[in-house]
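# would you be able to build a 3D model of this:
(chains A and B, ligands or ions: 2)
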Amino acid sequence: MSKPMTGARMVVQALKDQGVEVVFGYPGGAVLPIYDEIFQQNEIRHILVRHEQAAIHAAEGYARSTGKVGVALVTSGPGATNAVTGLTDALMDSIPLVVLTGQVPTFMIGTDAFQEADTVGITRPCTKHNWLVKETDRLPQVLHEAFHVASSGRPGPVLVDIPKDVQFASGQYSPKQKMKTHYAPQVKGDIGTITALADAIAKAKKPVIYSGGGVINSGPAASQLLRELVAETNFPITSTLMGLGAYPASGDNWLGMLGMHGLYEANLAMHGCDLLINVGARFDDRITGRIQDFSPHSKKAHIDIDPSSINKVIHVDMAIIGDVAHVLEDLLRVWKAQGRKTNAEAIAKWWKQIDEWRAVDCLAFEQKGATIRPQHAMARLEALTKDHDRYICTEVGQHQMWAAQYLGFEDPNRWMTSGGLGTMGYGHPASIGVQLAHPEALVINVAGEASWLMNMQEMGTAVQYNLPVKQFILNNERLGMVRQWQELLHGERYSQSWSEALPDFVKLAEAFGAKGIQCQDPKDLDDAIMEMIRHDGPVLFDCLVEKHENCFPMIPSGEPHNKMLLANAETQGQITGTGAVLV
Amino acid sequence: MSTLKIKKGTSKHSAYDLRDPHSNVIERHTLAVIVDNEAGVLARVIGLFSGRGYNIESLTVAEIDHTGHTSRITIVTTGTPAVIEQIKAQLGRIVPVHEVHDLTVEGASVERELALFKVTGSGDKRVEALRMADVFRASVVDSTLESFTFEITGSPEKIDAFADLMRPLGLSEMARTGVAALARG
Ligand SMILES: Cc1cc2nc3c(=O)[nH]c(=O)nc-3n(C[C@H](O)[C@H](O)[C@H](O)COP(=O)(O)OP(=O)(O)OC[C@H]3O[C@@H](n4cnc5c(N)ncnc54)[C@H](O)[C@@H]3O)c2cc1C
Ligand SMILES: Cc1ncc(C[n+]2csc(CCOP(=O)(O)OP(=O)(O)O)c2C)c(N)n1
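Ligands and ions are numbered 1, 2, ... in the order given. Next up, the predicted model:
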């Protein structure tokens, strides 16, 4: 079956065999043979971004919103180094990507050749795995393995570095069936421990399910099984930022997001529970707060496909290594086959307690006066868009947290945000990737003005491909999240945390050939949002909001869950002592 | 120190579970890591240790299966039980890593290291060095009128002890290979 072809053609052939439809990229000398092959075919669509970092974030958005592997193609040297932030972002958030980089020809490697960089060396710590392919004959095997590694086990970005002479030379292509690899992470959980978890579920009086990005990674079946588990047990469920949508926000048992900017009821439930079931989350420091005081009275179970996530931060009593969907399926089977029941009376009492916490209504705010409060903007955006086929991306900062708090997600893969690395500049290119995967959907990037400026050049990409992405900027003319920390930690000395010399966003949009809308009066907000939704094309929405709003609730760094600051909290000097060194 | 709450059989590393995970005691473990013998694999392992702040006391590597292209990396590391557990899990995540064995907990093992010592001196010291080498079963692999070069193999402790004895006798240079280790039986 195999036939000789050039390395460059192999790249395109392998992408086709892997079912790739879209590649995000930017050309340069070291990838010209591949670009020449792309030119001569129509199956794979190439999207020309304006910066290689954006190619990676766009591929991330594409991957996260589809569950497929995202693909990017960049040149050697500066192309590869520009990709590093995106790769690190994808590694932290477990996003499956295959990134192809050009390299100087093999015989020039090590000579400081033009646009040479040690790409595999630079990207070793920020990829799940990477390869430098020095022989054309090895290329097909490596490319197919790249897709396998990126998407199996805990997903992540991989990189294949291809010297230019390898692209020109011919070799034997082999289709993907021929590949062999030893890389096969365990997906089935240990049934003994799963049974022990079923026991604990039956006995629990104050349980809580803490779900995370691993549920999204595991695929739609995992979300379905998670919903079934909640229905079966009537347990309360909270989720990390990365797991939003796995359980629907409209579900009765939903407590909202937990963690540093999580909801009061979610955090107090975590603090007070006697059984904590972590489903595909990694006990991130935004969740645990002070480790010694984290959920101090609970038995802890942890379902995770990556053994290194287990006991990394929090020691657990029941560790189940496996894929969320596989493990939940077995858990539900054991539960039903043994005819188990929860302690309904105790659970009802626990719900009574939780309802008291809910009554605090920690997200309540009042929109009064002539300035739009960011919470109000989010609440209105939610009201006016929630019935659409909607995907939300965000940048990083306060607006990201407000989006997480005030927007409701009913399904997985609808929420794209940079959680682990917290990369300003992620959301705009990510929204482009999402829109390409879902051309008919309403794709909105909730942004801060500072973050958005970091990859604003992608407006050109949106216009070129007529992608009707909506950039919804909560413009507080501040690096709001930084400003908030300076208020809490540094005596209101606002060092360098404001956005000066901002562009006129409406004119900026128009300069790119897109539509710009500005809104600053609360009375106009609904109409302006409707105008944005109705416009068939990219829109830059400049929503001028209250400049000094803080994002609450907030657990100050180094504090436990029950030391949460609520709205209107005293903010001066709230973070002190050991908490001050934390980020 | 907290009490152990782990049920037996909840993890594959049962011997390991019996130690207190919260202990601050620093332990020394010898790990054997079987890897694909491919470019960059050692950099991945070393990068993991430096990037995550783990210790390497010694590290040896050589190909062990020429046709299968696998190498064995033997690493001696130190850390709290929790850190050691993380190190093993992190090593296991590296794609070209096939197996990670903790020889310290997986039953008895033998550990050997080879070292070369150059001892320079004359008179009584020279005679004494030769006598001690004999006691330690070190062999002379090179000699001049002013110096001996000894070759010694043994446990790292034995080599440390030999070095301590040779220092006052004119130890001028030393080269050690690091530990190679295998499980017994
Ligand atoms: C400004 C800012 C503020 C933030 N504040 C908060 C906050 O208040 N609350 C909050 O929750 N987060 C917050 N975050 C995000 C936070 O930093 C982390 O990114 C997030 O909490 C991690 O989510 P996660 O635990 O679900 O893990 P992820 O990073 O999504 O990791 C997924 C876990 O699941 C495992 N996994 C992957 N695939 C599978 C599978 N198939 N089966 C089983 N397991 C699998 C992985 O091994 C991993 O352990 C904030 C981020 C920023 C930038
Ligand atoms: C690339 C990058 N640089 C710096 C930071 C640190 N940082 C986190 S939030 C933030 C301010 C974001 O401002 P803006 O985008 O306007 O959002 P706001 O917080 O005002 O909603 C900064 C500088 C970061 N997360 N990413």
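
# now residue A:554: phi and psi?
Its backbone dihedrals place residue A:554 at phi -150, psi 130, with angles given as degrees, to the nearest 10.

# close enough to count as contact, it and residue A:262?
No: applying CB atoms under 8 Å, one finds residue A:554 not in contact with residue A:262, separated by 9.3 Å. To be clear about C-beta, it is placed using only N, CA and C from the backbone, and glycine gets the same treatment.

# neighbour count for these two, which is higher?
The neighbour count for residue A:554 versus residue A:262, taken as other CB atoms under 10 Å in any protein chain shown, is higher for residue A:262 (28 against 24).

# hang on, the more buried one in a helix?
No: Residue A:262 sits outside any helix when classified using DSSP: H, G, I helix; E, B strand; the rest coil, being coil.

# can you pull the contacts of residue A:436?
Shown in contact with residue A:436 (CB atoms under 8 Å, 6 or more residues apart in numbering or on different chains): A:22, A:45, A:47, A:58, A:62, A:465, A:467.

# nearest to ligand 1, of those residues?
Top of the list for closeness to ligand 1, among these and by CB to the nearest ligand atom, is residue A:62 at 17.5 Å.

# quick check: that closest one touching residue A:69?
No: distance between residue A:62 and residue A:69: 9.0 Å, which falls outside the contact criterion (CB under 8 Å).

# neighbour-wise, which of the two wins?
When neighbours are counted by other CB under 10 Å, residue A:62 comes out ahead of the other of residue A:62 and residue A:69, with 30 against 23.

# quick one: contacts for the more buried one?
The neighbours of residue A:62, taking CB under 8 Å, 6+ apart as the test, are A:22, A:24, A:68, A:70, A:433-434, A:436-437.

# give me the number of residues near residue A:530?
Burial of residue A:530 is recorded as 12 neighbouring residues (other CB under 10 Å).

# how close does it get to chain B?
Computed as CB to the nearest CB, to the nearest Å, the residue A:530 to chain B distance reads 48 Å.

# for that residue, give me its contacts.
Contacts were defined as CB under 8 Å, 6+ apart; by that measure residue A:530 touches residue A:384.

# return the set of buried residues in the helix or strand containing it.
Secondary structure assignment for residue A:530, by DSSP states H and E: helix A:525-534. By neighbour count with 16 or more other CB atoms under 10 Å in any protein chain shown, helix A:525-534 contains the buried residues A:525, A:528-529, A:532-533.

# average pLDDT for that helix?
Regarding helix A:525-534, the rounded mean pLDDT is 98.

# that helix: how far from the chain's middle?
27 Å (CA atoms, centre = their mean, to the nearest Å).

# kindly format the C-alpha coordinates of that helix as CSV.
Once non-C-alpha atoms are left out, helix A:525-534 reads as follows in CSV (Å, rounded to 0.1, in the frame of the first residue of the first chain):
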residue,chain,number,x,y,z
LEU,A,525,-27.0,47.9,27.0
ASP,A,526,-29.7,45.4,25.8
ASP,A,527,-30.1,47.1,22.5
ALA,A,528,-26.4,47.2,21.9
ILE,A,529,-26.0,43.5,22.8
MET,A,530,-28.9,42.7,20.4
GLU,A,531,-27.2,44.7,17.7
MET,A,532,-24.0,42.7,18.3
ILE,A,533,-25.8,39.4,18.1
ARG,A,534,-27.7,40.3,14.9
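
# go ahead and confirm residue A:164 touches residue A:30.
Yes: with contact defined as CB under 8 Å, residue A:164 counts as touching residue A:30 (5.2 Å).

# which one's more surrounded, those two?
Looking at residue A:164 and residue A:30 with other CB under 10 Å, you find the greater number of neighbours at residue A:30, namely 28 against 23.

# for the residue in chain B positioned nearest to chain A, which residues are in contact?
Of all residues in chain B, the one sitting closest to chain A is residue B:89 (3.6 Å; CB to the nearest CB). For residue B:89, the contacting residues are A:306-308, A:310, A:312, by CB under 8 Å, 6+ apart.

# show me what contacts whatever residue of the stretch 51-200 of chain A ends up closest to ligand 1?
Nearest residue of the stretch 51-200 of chain A to ligand 1: residue A:154, at 4.0 Å (CB to the nearest ligand atom). Taking CB under 8 Å, 6+ apart as the criterion, residue A:154 is in contact with A:94, A:128, A:185, A:214, A:217, A:305-306, A:309, B:93.

# just the pLDDT for residue A:179.
You'll see residue A:179 listed with a pLDDT of 58.

# check which element follows the helix holding residue A:530 along the chain.
Under the assignment DSSP H and E, the closest C-terminal helix or strand after helix A:525-534 is strand A:539-544.

# that next one pairs with which strands?
Strand pairing for strand A:539-544, using DSSP bridges, gives strand A:470-475 (parallel), strand A:515-519 (parallel).

# reformat those strands as TSV; add mean neighbour count.
Below are the strands paired with strand A:539-544 laid out as TSV (neighbours: other CB atoms under 10 Å in any protein chain shown):
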stretch	mean neighbour count
strand A:470-475	28
strand A:515-519	20
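
# reformat those as JSON lines; add mean pLDDT and distance to residue A:345.
Putting those into JSON lines (pLDDT from 0 to 100; distance: least, CB to CB, whole Å) gives the following:
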{"stretch": "strand A:470-475", "mean pLDDT": "98", "distance to residue A:345": "45"}
{"stretch": "strand A:515-519", "mean pLDDT": "98", "distance to residue A:345": "51"}
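
# in a markdown table, list these along with distance to residue A:354.
Written out in a markdown table, the entries for the strands paired with strand A:539-544 read as follows (distance: least, CB to CB, whole Å):
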| stretch | distance to residue A:354 |
| --- | --- |
| strand A:470-475 | 30 |
| strand A:515-519 | 37 |
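
# which one of these lies closest to residue A:448?
Distance to residue A:448, taken as CB to CB, is lowest for strand A:470-475 among the strands paired with strand A:539-544, at 6.1 Å.

# hey, C-alpha coordinates of the closest one in PDB?
Extracted C-alpha coordinates of strand A:470-475, given in PDB (Å, rounded to 0.1, in the frame of the first residue of the first chain):
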ATOM      1  CA  LYS A 470     -18.100  38.700  19.000                       C
ATOM      2  CA  GLN A 471     -15.400  40.400  21.100                       C
ATOM      3  CA  PHE A 472     -17.200  41.600  24.200                       C
ATOM      4  CA  ILE A 473     -14.800  43.900  26.100                       C
ATOM      5  CA  LEU A 474     -15.500  44.800  29.600                       C
ATOM      6  CA  ASN A 475     -13.500  48.000  29.400                       C
END
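
# how far off centre is that strand?
The chain centre lies 18 Å from the centre of strand A:470-475; the measure is CA atoms, centre = their mean.

# following the chain onward from that strand, which element is next?
Scanning the chain past strand A:470-475 towards its C-terminal end, the next helix or strand to appear is helix A:480-489 (assignment: DSSP H and E).

# quickly check: the host helix or strand of residue A:165 near chain B or not.
Here residue A:165 sits within helix A:164-168, counting by DSSP H and E. No: legend: contact between helix A:164-168 and chain B by CB under 8 Å from any CB of the partner chain is lacking; minimum distance shown is 14.3 Å.

# list the pairing partners of the next helix-or-strand element following that helix within its sheet, with orientation.
With elements assigned by DSSP H and E, the helix or strand that comes after helix A:164-168 is strand A:170-172. Next to strand A:170-172 in the sheet, as set by DSSP bridges, lie strand A:4-6 (antiparallel).

# sorry, back to before: among the strands paired with strand A:539-544, which is nearest residue A:384?
When the strands paired with strand A:539-544 are compared for distance to residue A:384 using CB to CB, the nearest one is strand A:470-475, at 11.2 Å.

# before we move on, back to that, now a PyMOL select for only the buried ones of the contacts of residue A:436.
Of the contacts of residue A:436, the buried ones can be selected in PyMOL as follows, counting by 16+ other CB under 10 Å:
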select buried, chain A and resi 22+47+58+62+465+467
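
# if we only consider the contacts of residue A:436, which is nearest to ligand 2?
Distance to ligand 2 across these (CB to the nearest ligand atom) is lowest for residue A:58, with 16.7 Å.
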